[in-house]
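Enquirer: predicted model follows, preceded by the sequence.
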Amino acid sequence: MNNIEVRNLSKEYDGFLLDNVSFDVPAGAIVGLIGENGAGKTTTIKALFNIIGFKGDVKIFGKDSKVYEKEIKKDIGALFDDSFLSDYLNCKHINKIMKDFYETWDEKKYFDLLKQFDLPLNKLVKDFSSGMKMKVKIAVAMAHSPKLLILDEPTSGLDPVVRSEILDLFRKYIEEDESRSILLSTHITTDLEHISDYILFIDNGKIVLDVPTDELLEDYGVVKCSEEDFLKIKAEDYVSYKKGKYQYAVLIKNKNEFKRKYGITTIDKPSIDDIMLFYIRGEK
Amino acid sequence: MEWLGDEMNIIITNSSGLPIFEQIENSIKKAIFSNDLKEGEMLPSVRSLANELKISFLTVKRAYDELEKAGFIKTIQGKGSFVAPKNLDLIKEEKLKEIQDYMEKIYEITKISNISKDEVEELFKMIFEEEL
């Protein structure tokens, strides 16, 4: 069962094309959306919410997102990069507003989350730090126990301790009910190594990678070698390479197969950032 | 985690060079061999172990799938994963593989240092006889 199914999603702006994007977000999974600024992450997320017009099909909970928009949105918790919290509200005011807005708003859950995040109830939002504001937004997104969380940069601007708290919260949210899913975009890819089940990598409006995180971290590798050795590697056996003054760095997809085939045994383990850079900047 | 409390350790390190799923697999095998995990005992669910170790549930699933393929555990849909009845052949095979790994290391050393096969055999016999 997939909570999100996107097929051939396209959107053209002046000078930008989101090009035939297709992907799934399975139930029980946390999917990390990565890519450079301007690669198409936010456009994709906006299309999921039907905020912008688009070509292609988006199904959420198995239903067409354009036809069943209202019904679907009740079960989604959202956090946008530019989500707005008025400066002249406090957390209690926000509760009152959201209670009217969502039928399924769970007051108790909201205040529990605030408590967990150590947020003051009577202080105005304008006196909050950016980390505190983010925590309120996350509490708001989660307080109606949605089936699906779609979060644009939920951990940006937060210190490592708070980030780890929030990641624990996300994990718990899925463990509570495995029919739930989370789609989150981020630049902090080290967070994804500990939380995401799948990585979706958008570059230049296209999906270049859609793989289990596990595979990315365990099977991908970076081989450092001389030009002579590099020339022996067949084109189908690597993703891309970077040529340095003294060595070649080559990204490969399957460490074990590569070891067997070429007898090279020292293969570095790349981070998600390294892999991104190879895809964006590497040569083929 | 209660199931793991005193009985089993699962230690994941970045420096071991082994993939995480394999580290989990090995920890569980070790617990089964040493009888810390007994026949029929339930393993933690994939999801709870993943949360505890802060890794993707797919990584844990991969480890469990491998253990199941090798006959160490049995997964019953909707119930959980359990330690399978001990299979002596399986254990022997596993141990032989372990021995082979050590022997390969010995072989490496002999090659580098120009020690003969006879000398190694002599050493090995000595160790065995000491035991007796």
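Expert: Happy to help now that I have it.

Enquirer: tell me the contacts of A:Lys253?
Expert: Counting by C-beta atoms under 8 Å, 6 or more residues apart in numbering or on different chains, A:Lys253 touches A:Asp219, A:Tyr220, A:Tyr238, A:Val239. Bear in mind the C-beta positions are built from the backbone N, C-alpha and C, glycine included.

Enquirer: filter the residues you listed by proximity to chain B?
Expert: Among the contacts of A:Lys253, no residue is within reach of chain B (C-beta under 8 Å from any C-beta of the partner chain).

Enquirer: any idea which of the residues you listed the model trusts least?
Expert: Here the lowest pLDDT out of the contacts of A:Lys253 sits on A:Asp219, with 92.

Enquirer: now, the most widely separated pair of the contacts of A:Lys253?
Expert: The largest separation in the contacts of A:Lys253, counting by C-beta to C-beta, is between A:Asp219 and A:Tyr238 at 13.2 Å.

Enquirer: follow-up on the earlier one: now list the buried members of the contacts of A:Lys253.
Expert: With burial judged by 16 or more other C-beta atoms under 10 Å in any protein chain shown, the buried subset of the contacts of A:Lys253 is A:Asp219, A:Tyr220, A:Tyr238, A:Val239.

Enquirer: I'd say the third one and A:Ile252 touch.
Expert: This points to A:Tyr238. Yes - the pair A:Tyr238 / A:Ile252 is scored as a contact, 5.1 Å apart, by C-beta atoms under 8 Å.

Enquirer: in the longest helix belonging to chain B, what counts as buried?
Expert: When chain B is scanned for its longest helix (criterion: DSSP state H), the result is helix B:88-113. Judged by neighbour count using 16+ other C-beta under 10 Å, helix B:88-113 contains no buried positions.

Enquirer: what mean pLDDT does that helix have?
Expert: Average pLDDT, helix B:88-113: 86.

Enquirer: ok, now stretch B:26-39?
Expert: 88.

Enquirer: swap in stretch A:256-276?
Expert: On average, the pLDDT along stretch A:256-276 is 90.

Enquirer: go on, stretch A:118-130?
Expert: 92.

Enquirer: for the longest helix of chain B, packing partners?
Expert: helix B:20-33, helix B:117-131 (3 or more C-beta pairs under 8 Å, 6 or more residues apart in numbering or on different chains; DSSP states H and E).

Enquirer: coming back round to it: let's have the contacts of A:Lys253 in a markdown table, adding secondary structure.
Expert: Converted to a markdown table, the contacts of A:Lys253 look like this (DSSP: H, G, I helix; E, B strand; the rest coil):
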| residue | secondary structure |
| --- | --- |
| A:Asp219 | helix |
| A:Tyr220 | coil |
| A:Tyr238 | coil |
| A:Val239 | coil |
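
Enquirer: wait, which of these is closest to chain B?
Expert: Within the contacts of A:Lys253, the smallest distance to chain B is 8.3 Å, found for A:Asp219 (C-beta to the nearest C-beta).

Enquirer: can you tell me which residues contact the closest one?
Expert: Contacts for A:Asp219 (C-beta under 8 Å, 6+ apart) come out as A:Lys253, A:Asn254, A:Lys255, A:Asn256.

Enquirer: do B:Ser16 as well
Expert: Neighbours of B:Ser16 in contact, by C-beta under 8 Å, 6+ apart: B:Gln23.

Enquirer: pull up the per-residue confidence for it.
Expert: The per-residue pLDDT reported for B:Ser16 equals 74.

Enquirer: need the three-state assignment for it.
Expert: Under three-state DSSP, B:Ser16 comes out as coil.

Enquirer: doesn't B:Lys29 make contact with B:Glu94?
Expert: Yes - between B:Glu94 and B:Lys29 a contact is recorded at 7.2 Å, counting by C-beta under 8 Å.

Enquirer: so how far is A:Tyr88 from the closest residue in space to A:Cys91 that isn't next to it in sequence?
Expert: In space, and not counting its chain neighbours, A:Cys91 is closest to A:Leu121: 5.0 Å by C-beta to C-beta, 6 or more residues apart in numbering or on different chains. As for A:Leu121, its distance to A:Tyr88 is 15 Å (criterion: C-beta to C-beta, to the nearest Å).

Enquirer: which one of these two is surrounded by more residues?
Expert: Neighbour totals were compared for A:Leu121 and A:Tyr88, and A:Leu121 leads with 13 against 9 (other C-beta atoms under 10 Å in any protein chain shown).

Enquirer: checking that one next. Helix, strand or coil?
Expert: coil.
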